[in-house]
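> let's see this in three dimensions:
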Amino acid sequence: MDLEMIRNFREKLRKLEREIGWQLKSDTECCGVTLAQCHIIVEIGNTGETSVIDLATVLGLDTSTLSRHINGMVDVGLVNRVLNPKDRRYVSITLTEQGQKVYQSIEDICNSKYTKVFEFIPQEKHQQVLECFNLLVHAVTEARKAVGALDCCQASLFEKGEEVIPHVR
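Residues are numbered from 1 along each chain as shown. Reported below is the predicted structural model:
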(Lines give C-alpha, C1' and ligand atoms only; values in the text may rest on other atoms or scores of the structure.)
Protein backbone atom coordinates (compact mmCIF):
# COMPACT_ATOMS: atom_id res chain seq x y z
CA MET A 1 0.00 0.00 0.00
CA ASP A 2 1.39 3.38 -0.85
CA LEU A 3 2.33 5.87 1.83
CA GLU A 4 0.10 8.62 0.47
CA MET A 5 -2.96 6.38 0.87
CA ILE A 6 -1.95 5.61 4.45
CA ARG A 7 -1.51 9.32 5.22
CA ASN A 8 -4.90 10.11 3.68
CA PHE A 9 -6.49 7.30 5.71
CA ARG A 10 -4.87 8.55 8.94
CA GLU A 11 -6.05 12.10 8.29
CA LYS A 12 -9.63 10.91 7.76
CA LEU A 13 -9.44 8.90 10.97
CA ARG A 14 -8.18 11.94 12.90
CA LYS A 15 -11.04 14.07 11.57
CA LEU A 16 -13.55 11.37 12.46
CA GLU A 17 -12.01 10.95 15.91
CA ARG A 18 -12.27 14.71 16.58
CA GLU A 19 -15.87 14.84 15.36
CA ILE A 20 -16.87 11.82 17.45
CA GLY A 21 -14.96 13.17 20.45
CA TRP A 22 -16.79 16.50 20.30
CA GLN A 23 -20.08 14.69 19.86
CA LEU A 24 -19.45 12.34 22.78
CA LYS A 25 -18.36 15.22 25.01
CA SER A 26 -21.55 17.09 24.19
CA ASP A 27 -23.74 14.02 24.66
CA THR A 28 -22.23 13.01 27.99
CA GLU A 29 -22.34 16.53 29.39
CA CYS A 30 -25.99 16.64 28.39
CA CYS A 31 -26.65 13.44 30.40
CA GLY A 32 -24.65 14.61 33.42
CA VAL A 33 -21.99 11.90 33.27
CA THR A 34 -18.34 11.77 32.30
CA LEU A 35 -17.19 10.15 29.09
CA ALA A 36 -15.84 7.16 31.04
CA GLN A 37 -19.15 6.79 32.88
CA CYS A 38 -20.97 7.03 29.55
CA HIS A 39 -18.97 4.11 28.11
CA ILE A 40 -19.56 2.04 31.25
CA ILE A 41 -23.30 2.80 31.34
CA VAL A 42 -23.75 1.94 27.66
CA GLU A 43 -21.89 -1.37 27.99
CA ILE A 44 -23.85 -2.38 31.09
CA GLY A 45 -27.09 -1.19 29.50
CA ASN A 46 -26.41 -3.25 26.39
CA THR A 47 -25.74 -6.45 28.36
CA GLY A 48 -28.07 -5.91 31.33
CA GLU A 49 -25.57 -7.40 33.76
CA THR A 50 -21.84 -7.92 33.65
CA SER A 51 -18.81 -8.43 35.87
CA VAL A 52 -15.95 -6.04 36.52
CA ILE A 53 -13.57 -8.41 34.71
CA ASP A 54 -15.79 -8.74 31.64
CA LEU A 55 -16.45 -5.02 31.54
CA ALA A 56 -12.72 -4.22 31.88
CA THR A 57 -12.01 -6.54 28.95
CA VAL A 58 -14.65 -4.93 26.73
CA LEU A 59 -13.53 -1.40 27.60
CA GLY A 60 -9.81 -2.18 27.45
CA LEU A 61 -9.21 -1.02 31.01
CA ASP A 62 -7.42 -2.66 33.88
CA THR A 63 -9.72 -3.87 36.65
CA SER A 64 -8.35 -1.47 39.27
CA THR A 65 -9.08 1.56 37.08
CA LEU A 66 -12.53 0.26 36.25
CA SER A 67 -13.22 -0.54 39.93
CA ARG A 68 -12.49 3.09 40.84
CA HIS A 69 -14.99 4.26 38.22
CA ILE A 70 -17.55 1.71 39.41
CA ASN A 71 -17.09 2.78 43.04
CA GLY A 72 -17.81 6.39 42.08
CA MET A 73 -20.84 5.34 40.08
CA VAL A 74 -22.17 3.27 42.99
CA ASP A 75 -21.74 6.34 45.24
CA VAL A 76 -23.84 8.53 42.92
CA GLY A 77 -26.49 5.85 42.39
CA LEU A 78 -25.85 4.89 38.76
CA VAL A 79 -24.84 1.24 39.20
CA ASN A 80 -25.34 -1.63 41.63
CA ARG A 81 -22.48 -3.90 42.63
CA VAL A 82 -23.59 -7.27 44.01
CA LEU A 83 -21.37 -10.05 45.29
CA ASN A 84 -22.30 -13.52 44.08
CA PRO A 85 -23.24 -15.53 47.22
CA LYS A 86 -21.78 -18.72 45.67
CA ASP A 87 -18.54 -17.14 44.46
CA ARG A 88 -17.50 -14.02 46.36
CA ARG A 89 -14.82 -13.33 43.73
CA TYR A 90 -17.56 -12.62 41.17
CA VAL A 91 -19.07 -9.16 41.40
CA SER A 92 -22.13 -8.50 39.30
CA ILE A 93 -22.63 -4.97 37.96
CA THR A 94 -26.06 -3.69 36.89
CA LEU A 95 -27.64 -0.31 36.31
CA THR A 96 -29.82 1.23 38.99
CA GLU A 97 -33.12 2.84 38.04
CA GLN A 98 -31.26 6.15 37.72
CA GLY A 99 -28.58 4.44 35.63
CA GLN A 100 -31.28 3.01 33.36
CA LYS A 101 -32.69 6.51 32.85
CA VAL A 102 -29.24 7.86 31.92
CA TYR A 103 -28.67 4.86 29.61
CA GLN A 104 -31.98 5.51 27.86
CA SER A 105 -31.15 9.22 27.51
CA ILE A 106 -27.78 8.40 25.96
CA GLU A 107 -29.42 5.93 23.59
CA ASP A 108 -32.12 8.40 22.57
CA ILE A 109 -29.64 11.25 22.00
CA CYS A 110 -27.20 9.08 20.04
CA ASN A 111 -29.93 7.47 17.93
CA SER A 112 -31.29 10.89 17.06
CA LYS A 113 -27.89 12.38 16.23
CA TYR A 114 -26.69 9.43 14.15
CA THR A 115 -29.99 9.33 12.31
CA LYS A 116 -29.19 12.89 11.25
CA VAL A 117 -25.68 11.80 10.22
CA PHE A 118 -27.14 9.11 7.98
CA GLU A 119 -29.40 11.69 6.37
CA PHE A 120 -26.23 13.14 4.79
CA ILE A 121 -25.29 9.76 3.29
CA PRO A 122 -27.20 8.55 0.24
CA GLN A 123 -29.59 5.82 1.34
CA GLU A 124 -28.15 3.33 -1.15
CA LYS A 125 -24.77 3.73 0.62
CA HIS A 126 -26.01 3.09 4.19
CA GLN A 127 -25.25 -0.63 4.14
CA GLN A 128 -21.88 0.03 2.53
CA VAL A 129 -20.96 2.45 5.33
CA LEU A 130 -21.85 -0.17 7.96
CA GLU A 131 -19.80 -2.81 6.13
CA CYS A 132 -16.81 -0.48 5.94
CA PHE A 133 -17.04 0.30 9.66
CA ASN A 134 -17.24 -3.40 10.48
CA LEU A 135 -14.14 -4.02 8.36
CA LEU A 136 -12.30 -1.13 9.98
CA VAL A 137 -13.17 -2.14 13.55
CA HIS A 138 -12.16 -5.73 12.80
CA ALA A 139 -8.86 -4.66 11.20
CA VAL A 140 -7.91 -2.30 14.03
CA THR A 141 -8.81 -4.94 16.64
CA GLU A 142 -6.81 -7.65 14.87
CA ALA A 143 -3.83 -5.35 14.33
CA ARG A 144 -3.83 -4.44 18.03
CA LYS A 145 -3.92 -8.12 18.97
CA ALA A 146 -1.13 -8.92 16.52
CA VAL A 147 1.27 -6.15 17.43
CA GLY A 148 0.00 -4.95 20.81
CA ALA A 149 -1.26 -1.48 21.39
CA LEU A 150 -1.26 0.65 18.27
CA ASP A 151 0.86 3.31 19.85
CA CYS A 152 4.28 4.62 19.21
CA CYS A 153 5.64 3.65 22.60
CA GLN A 154 9.21 2.59 22.08
CA ALA A 155 9.03 0.48 25.23
CA SER A 156 6.61 -1.99 23.65
CA LEU A 157 8.91 -2.41 20.64
CA PHE A 158 11.91 -2.64 22.93
CA GLU A 159 10.24 -5.42 24.93
CA LYS A 160 9.78 -7.40 21.73
CA GLY A 161 13.43 -7.03 20.83
CA GLU A 162 12.65 -5.03 17.72
CA GLU A 163 14.80 -2.22 16.50
CA VAL A 164 13.66 1.12 17.82
CA ILE A 165 13.76 4.02 15.42
CA PRO A 166 14.05 7.24 17.36
CA HIS A 167 11.32 9.53 16.11
CA VAL A 168 10.34 11.54 19.15
CA ARG A 169 12.75 14.23 20.23
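> all contacts plus neighbour counts: C-alpha atoms, from now on.
Fine.
> average pLDDT for the lengthiest helix in the chain?
When the chain is parsed with DSSP state H, its longest helix is helix 3-31. Helix 3-31 carries an average pLDDT of 88.
> so for that helix, what gets flagged as buried?
24, 27, 28, 31 (16 or more other CA atoms under 10 Å).
> contact partners of stretch 17-31?
34, 35, 38, 102, 105, 106, 109, 110 (CA atoms under 8 Å, 6 or more residues apart in numbering).
> re the thing from before, so which of the buried residues of helix 3-31 is the closest to residue 52?
The shortest approach to residue 52 among those belongs to residue 28, at 21.8 Å (CA to CA).
> distance of the closest one relative to residue 86?
Distance, residue 28 to residue 86, by CA to CA, to the nearest Å: 36 Å.
> can you check residue 18 too?
45 Å.
> with secondary structure and distance to residue 9 added, can I get the contacts of stretch 17-31 in a markdown table?
Compiled in a markdown table, those are given as follows (DSSP: H, G, I helix; E, B strand; the rest coil; distance: CA to CA, whole Å):
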| residue | secondary structure | distance to residue 9 |
| --- | --- | --- |
| 34 | coil | 29 |
| 35 | helix | 26 |
| 38 | helix | 28 |
| 102 | helix | 35 |
| 105 | helix | 33 |
| 106 | helix | 29 |
| 109 | helix | 29 |
| 110 | helix | 25 |
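> right, I'll leave it there.
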